[in-house]
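>>> structure, please.
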Amino acid sequence: MLAQLDGVLAEEELRATGGAGLTTEAYHALVLRATGSPAAAERAARRRVAEQMRRGQTPQ
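All right, here's what the predicted structure looks like:
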């Protein structure tokens with residue numbers, strides 16, 4: 001029950017903020033909590049780093 005609630009809260013945080021201001025590691029952890037899938041969290045973190053690099057930003 002608590003794990004489900006944690007996942008729901010993580011999903012809401014992702015929707016509300018898009019992970020803005022989080023390091024890649026923190027974003028990965030948030031996606032992992034939201035999805036429960038290590039593979040999905042890894043893909044999301046890689047997409048985030050790629051997007052930051054396309055924008056000329058240094059990945060955090």
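
>>> okay, CA-based contacts and neighbour counts for the rest of this
Will do.

>>> tell me the buried residues in the lowest-mean-pLDDT helix or strand in the chain?
Every helix and strand of the chain was ranked by mean pLDDT, DSSP states H and E. The lowest is helix 2-17, at a mean of 77. Under the neighbour-count criterion of 16 or more other CA atoms under 10 Å, helix 2-17 has Gly7, Ala10, Glu11, Leu14 buried.

>>> how about a markdown table for these, with distance to Ala26 added?
Putting the buried residues of helix 2-17 into a markdown table (distance: CA to CA, whole Å) gives the following:
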| residue | distance to Ala26 |
| --- | --- |
| Gly7 | 15 |
| Ala10 | 12 |
| Glu11 | 14 |
| Leu14 | 12 |
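
>>> show residues contacting the next helix or strand after the least confident helix or strand of the chain.
The first helix or strand that comes after helix 2-17 along the chain, using DSSP states H and E, is helix 24-35. The contact list for helix 24-35 (CA atoms under 8 Å, 6 or more residues apart in numbering) reads 6-11, 14, 19, 38, 40-42, 44-45, 48-49, 59-60.

>>> now the helix or strand harbouring Ala50 against helix 24-35, angle please.
According to DSSP H and E, Ala50 maps onto helix 38-54. Put simply, helix 38-54 runs at 140 degrees to helix 24-35, going by axes from the mean of the first three to the mean of the last three CA atoms, to 10 degrees.
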